[in-house]
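[1] Sequence first, then the predicted structure:
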There are 2 protein chains.
Amino acid sequence: MSAEAKSPPVAKPRRTQAERSQETRNKVCEATLQALVEVGYEQISTTLIAQKAQVSRGALTHQFPTRNDMLVAAFERQVSEWQNGYPFGLDPEKEQLSVDELIDALWDNIFANGRYVAAIELMLAARQDNELGHALRDILVSWIRKRDRITVRLVGGDVDDAEADLKVQLHLSVLRGIAMHQSFDSDPLTAQKLIDLWKRIARQA
Amino acid sequence: MSAEAKSPPVAKPRRTQAERSQETRNKVCEATLQALVEVGYEQISTTLIAQKAQVSRGALTHQFPTRNDMLVAAFERQVSEWQNGYPFGLDPEKEQLSVDELIDALWDNIFANGRYVAAIELMLAARQDNELGHALRDILVSWIRKRDRITVRLVGGDVDDAEADLKVQLHLSVLRGIAMHQSFDSDPLTAQKLIDLWKRIARQA
DNA sequence: GAAGTTACAGACTGATCTAACTGTTTTTGA
DNA sequence: TCAAAAACAGTTAGATCAGTCTGTAACTTC
């Protein structure tokens, strides 16, 4: 008699290939972003990332043939996270934010995290690397464009209003500058004080 | 008999050792700063710098035993340049600047130049390198402290006035953010527009 | 359940870089 | 004038790293 005649259709694998791939890619990207924050671009090597991600170097190179592929994927993932969290579940066509709310939302969702500076570091490092630089720039500009358009709407401006756009750019520049300050300054309270001061000033303008 | 008894005092050398040293160091530091702007930290190697500085690698390593020594010296030189140009020949105890003048002065003397971003890149890259990072930080904090104290006086604040100090920090953060923006943005006019907008807003506050 | 495909593991290689080292030239000091 | 010191030039050793390659395991398709 054959119990195996009616064998289970496929003997369901524990994890599909797609799942395995995705898991490895996730681990590598996450480790890369962490390493970027913790030890900086300079220290990143494929060997280090493989160790950090608890993945063999072979697995890493299989998923990301070149080091740049790995860096681009990590960058893309971070940008995606920013995109997914923006505009905070609001509908810019219907809802608007006060200046205070906008500043807090931008800061909390984008700039407060060490990963913003890590992204800057990556962009700076890749500035002159034609291949990597262009790849990162392409990812960035598409997000920037989207972010800026949404933000202008969020503060009640028109998409084509150059003046409103400039104001948004100033908001972003201020927070960017404070984020950079924070990454070097030892006192974590200074950043919040600067944000509060900026809120006060921006409210009047 | 001795013609050499009254020998010419020294037979003046073309260049003294001190001059030769200084010249080599100058060339190397200058080349390093240029390379930092042009090709970025990532691409900098002692070989490249030696070529760029028109100096043999031997001369370079003689003056700067390690790569870090070279980087630190270049950084120090840049900070010195900022120090020497500040506070623009004014006496902060007697003269004061308007908000507009302060913003222009800070921008023109520190932030406008690509070397500001280059310095940021260096600081970021060295963030986790204990040896290099500490050396750069030490150079930076001494200058920062001095700069901030002078700037507070320049706008008429008291050295111990926390509120005035915070305002200065915000000015610096805004310009820092705009400088970063500029280093990525293709349109060179945006920076000036942002500065003008910031002037308008800062004037009112 | 067998053949084919994809994921993974780890060793190897060539290129590159820093730091050390050896030898040469120039300057200095007596 | 001559010996010592400093500046300079170029080579080499050791380490690291990215990318390649070979072999194995897991999954998929027919």
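    Yep, that arrived. Residues are numbered from 1 along each chain as shown, chains lettered A, B, ... in the order given.
[2] Who are the contact partners of A:Leu140?
    A:Val79, A:Met123, B:Phe184 (CB atoms under 8 Å, 6 or more residues apart in numbering or on different chains). For glycine as for every other residue, the C-beta is placed from the backbone atoms N, C-alpha and C.
[3] What separation is there between the last one and A:Leu172?
    To A:Leu172, B:Phe184 is 12 Å away according to CB to CB, to the nearest Å.
[4] Which of the two has more residues huddled nearby?
    The neighbour comparison of B:Phe184 against A:Leu172 (other CB atoms under 10 Å in any protein chain shown) goes to A:Leu172, with 22 against 15.
[5] So what does the residue in chain A that DNA strand D sits nearest to look like in phi/psi?
    Chain A approaches DNA strand D most closely through A:Thr16 (2.9 Å), counting by CB to the nearest atom of the strand. Backbone geometry at A:Thr16, expressed as degrees, to the nearest 10, gives phi -70, psi 160.
[6] if we can go back for a sec, can the contacts of A:Leu140 go into CSV with extra columns for secondary structure, distance to A:Met180 and pLDDT?
    Output for these, formatted as CSV (DSSP: H, G, I helix; E, B strand; the rest coil; distance: CB to CB, whole Å; pLDDT from 0 to 100):
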residue, secondary structure, distance to A:Met180, pLDDT
A:Val79, helix, 19, 96
A:Met123, helix, 13, 93
B:Phe184, helix, 13, 90
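[7] any idea how far the residue nearest to the spatial centre of chain A lies from A:Gln169?
    Residue closest to the mean C-alpha point of chain A, counted by CA atoms, centre = their mean, is A:Gln78 at 2.5 Å. A:Gln78 sits 21 Å away from A:Gln169, going by CB to CB.
[8] Report whether the longest helix belonging to chain A contacts DNA strand D.
    Assignment by DSSP state H gives helix A:130-154 as the longest helix of chain A. No: on the criterion CB under 7 Å from any atom of the strand, helix A:130-154 is out of touch with DNA strand D, staying 9.0 Å away.
[9] list the buried ones in that helix?
    A:132-133, A:135-137, A:139-140, A:143, A:147, A:149-154 (16 or more other CB atoms under 10 Å in any protein chain shown).
[10] Then stretch A:66-83?
    A:Asn68, A:Met70, A:Leu71, A:Val72, A:Ala73, A:Ala74, A:Phe75, A:Glu76, A:Arg77, A:Gln78, A:Val79, A:Trp82.
[11] Counting only helices, which of these make the cut?
    Among the buried residues of stretch A:66-83, DSSP H puts A:Asn68, A:Met70, A:Leu71, A:Val72, A:Ala73, A:Ala74, A:Phe75, A:Glu76, A:Arg77, A:Gln78, A:Val79, A:Trp82 in helices.
[12] follow-up on the earlier one: which one among the contacts of A:Leu140 gets closest to DNA strand C?
    Proximity of the contacts of A:Leu140 to DNA strand C (CB to the nearest atom of the strand) peaks at A:Met123, which lies at 21.2 Å.
[13] What's the local residue count around that closest one?
    20.
[14] Let me see the contact set for the residue nearest to it when sequence neighbours are not counted.
    Once flanking residues are discounted, A:Met123 sits nearest to A:Leu136: 5.9 Å by CB to CB, 6 or more residues apart in numbering or on different chains. With contact set as CB under 8 Å, 6+ apart, A:Leu136 has these partners: A:Leu71, A:Val72, A:Phe75, A:Leu122, A:Met123, A:Ala126.
[15] Most widely separated two among these?
    Greatest spatial distance in the contacts of A:Leu136: A:Val72 and A:Met123, 11.9 Å, computed using CB to CB.
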